[in-house]
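In: curious how this folds, go ahead:
(chains A and B)
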Protein chains: 2
Amino acid sequence: METAVQGTVPHQPTAYPRTDRTVPTRSADRASYDRELVHSILDEGYLCHLGFVRDGAPVVLPTLYGRVGEVLYLHGSTGSRPLRMAGQTDPGLPVCVTVTHVDGLVLARSAFHHSINYRSVVVHGIAHQVTDPEERRLALDALVDHVVTGRSADSRPANKKELAATAVIRLDLAEVSAKTRTGGAHDEPEDLGLPYWAGVVPLRKGYDAPIANDDLEADIAVPPYLKNA
Amino acid sequence: METAVQGTVPHQPTAYPRTDRTVPTRSADRASYDRELVHSILDEGYLCHLGFVRDGAPVVLPTLYGRVGEVLYLHGSTGSRPLRMAGQTDPGLPVCVTVTHVDGLVLARSAFHHSINYRSVVVHGIAHQVTDPEERRLALDALVDHVVTGRSADSRPANKKELAATAVIRLDLAEVSAKTRTGGAHDEPEDLGLPYWAGVVPLRKGYDAPIANDDLEADIAVPPYLKNA
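Out: You can find the predicted model right below:
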């Protein structure tokens, strides 16, 4: 059954198309192209790892990001290397953006089958500098809201000087894959009787209590959106 | 005062040398070349992000690693793309390996000064396949011990078939930098009176209770090295 397209949002298939770059050479059963899974992994992360090529060699830097629909936004100082490169290079800067969550340590009876439970998303594409003022505002709000949902509406918006110092780049979610490992250790049948513990050590998730800034005025309470954090 | 060199371990300066690639274009005050800081960040991580260039475009993949002194070891299937490339390419595969910890969310009164407290290490260099059987054993033990200290001695070592299926690459810690952000929000003086909460939300660290494999024999207890995890 066809779903009616609402408003001006184009119909999106539920999965990203597979490409030569997004189909892994091994553990292909751990790969997924499901749009909702990809979005959920991206929205749970704080930092992505941005890869680009400089003088023929790879560079991988951790940086903040935000997602609006099928677009990732990254930002930085107008002086930062990849952001300048995305502005100067025509037709943009080839990048790979990867977001990974470590969920647990997997201990097997055999050294060989030790592993990590994780969820990752890899995005390939060409990053472009965003120059349209409206899209830049949208992107910067998304970057703040990615840190804490709803926070952009509860802080002072960027002023002209700050906007002038900030470069924003966009990367369309077009060539995308997720990869996940879940569950316990997968030992060889002949190893199941060995006297070694096997299982998963989950990594703790969530937040500790917020720590107010030293210079915060005493009558400003922790906002409700942090109490649920 | 000179420190006597012990045994065959060469004297190591306390800091990595700065290079064009490891001195950032901005926030240079957050950069460090201190060997102990770099080691501590590397040893606390589980996954690194491995960057390499394929057909002129960057690729960034999460993968396990281990450290032995001033060498990082990565491993994977002999069929995996970067590991094959490190074996085939002469004189090796140019890589960038980045390890990042997210420590807290930094909420400022101004959208512009929102940030993340983090610690990261970026390693540039040429990765080489390890073919010497002794060094391969050492590397694979380090990879398992990196997941849980002491675990390689408490699991079945890799057999011939598993060793033949595993490629190991090494990357010397020579061109290395750390970058860290700690502490509260840094707002502009004129924003300090704004009615917005400012401070840090720390991310929870540590582990939840180990989950035994379904197929684990009932008389095998959780090992002591996991009780302290």
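
In: elements contacting the worst-scoring helix or strand of chain A on mean pLDDT?
Out: When each helix and strand of chain A is scored by mean pLDDT, DSSP states H and E, helix A:81-88 comes last, with a mean of 80. Judged by 3 or more CB pairs under 8 Å, 6 or more residues apart in numbering or on different chains; DSSP states H and E, helix A:81-88 is in contact with strand A:47-54, strand A:57-68, strand A:71-77, strand A:93-107, strand A:115-129, strand A:166-172. The C-beta positions use only the backbone N, C-alpha and C, and glycine is treated the same way.

In: so how far is it off the chain centroid?
Out: Per CA atoms, centre = their mean, to the nearest Å, the displacement of helix A:81-88 from the mean C-alpha position of its chain is 20 Å.

In: tell me what angle that helix forms with strand A:57-68.
Out: 80 degrees (axes from the mean of the first three to the mean of the last three CA atoms, to 10 degrees).

In: in chain A, which ranges drop under the pLDDT threshold?
Out: A:1-11, A:89, A:228-229 (pLDDT under 70).

In: show which residue of it lies farthest from the average position.
Out: residue A:193 (40.3 Å; CA atoms, centre = their mean).

In: got phi/psi on it?
Out: phi -90, psi 0 (degrees, to the nearest 10).

In: wait, what's in contact with it?
Out: Counting by CB atoms under 8 Å, 6 or more residues apart in numbering or on different chains, residue A:193 makes contact with residue B:217.

In: next: the one 5 residues further on.
Out: Contacts of residue A:198 were listed using CB under 8 Å, 6+ apart, and they are A:107, A:108, A:109, A:184, A:185, A:187, B:212, B:213, B:215, B:216.

In: by neighbours, which of the residues you listed wins?
Out: residue A:107 (28 neighbours; other CB atoms under 10 Å in any protein chain shown).

In: what's the least confident helix or strand of chain A in contact with?
Out: A:50, A:52, A:54, A:59, A:61, A:74-78, A:92-93, A:95, A:127-129, A:167, A:169, B:25.

In: again with stretch A:211-218
Out: A:220, A:222, B:184-185, B:187, B:192-193, B:197-202.

In: mind listing what's buried in the longest helix belonging to chain A?
Out: In chain A, with assignment by DSSP state H, the single longest helix is helix A:133-147. Of all the residues in helix A:133-147, those buried under the rule 16 or more other CB atoms under 10 Å in any protein chain shown are A:136, A:137, A:138, A:139, A:140, A:141, A:142, A:143, A:144, A:145, A:146, A:147.

In: same deal with stretch A:52-60?
Out: Buried-residue list, stretch A:52-60, by 16+ other CB under 10 Å: A:52, A:53, A:57, A:58, A:59, A:60.

In: OK, contacts around the second one?
Out: With contact taken as CB under 8 Å, 6+ apart, residue A:53 is in contact with A:59, A:94, B:53, B:56, B:57, B:58.

In: go on, the fifth one?
Out: Residue A:59 makes contact with A:51, A:52, A:53, A:81, A:82, B:21, B:51, B:58, B:96, B:122, B:124, according to CB under 8 Å, 6+ apart.

In: could you rerun that using 6 Å?
Out: By CB atoms under 6 Å, 6 or more residues apart in numbering or on different chains, residue A:59 lies in contact with A:52, B:96.

In: likewise the last one?
Out: Contacts for residue A:60 were tallied using CB under 6 Å, 6+ apart; they are A:49, A:51, B:49, B:51, B:60, B:96, B:98.

In: name the nearest residue to it, sequence neighbours excluded.
Out: Of all residues not flanking residue A:60 in the chain, residue B:51 sits nearest, at 3.7 Å (CB to CB, 6 or more residues apart in numbering or on different chains).

In: distance of the one you found relative to residue A:205?
Out: 27 Å (CB to CB, to the nearest Å).

In: now residue A:122
Out: 22 Å.

In: CA-only coordinates of stretch A:51-61 in CSV, if you can.
Out: Extracted in CSV, the C-alpha atoms of stretch A:51-61 (Å, rounded to 0.1, in the frame of the first residue of the first chain):
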residue,chain,number,x,y,z
GLY,A,51,37.6,12.2,7.6
PHE,A,52,39.1,14.1,4.7
VAL,A,53,42.2,14.0,2.6
ARG,A,54,45.0,16.6,3.0
ASP,A,55,48.1,16.4,0.7
GLY,A,56,47.1,12.9,-0.2
ALA,A,57,47.0,11.6,3.4
PRO,A,58,43.9,10.9,5.5
VAL,A,59,42.9,13.2,8.5
VAL,A,60,40.3,12.1,11.0
LEU,A,61,39.1,14.7,13.5
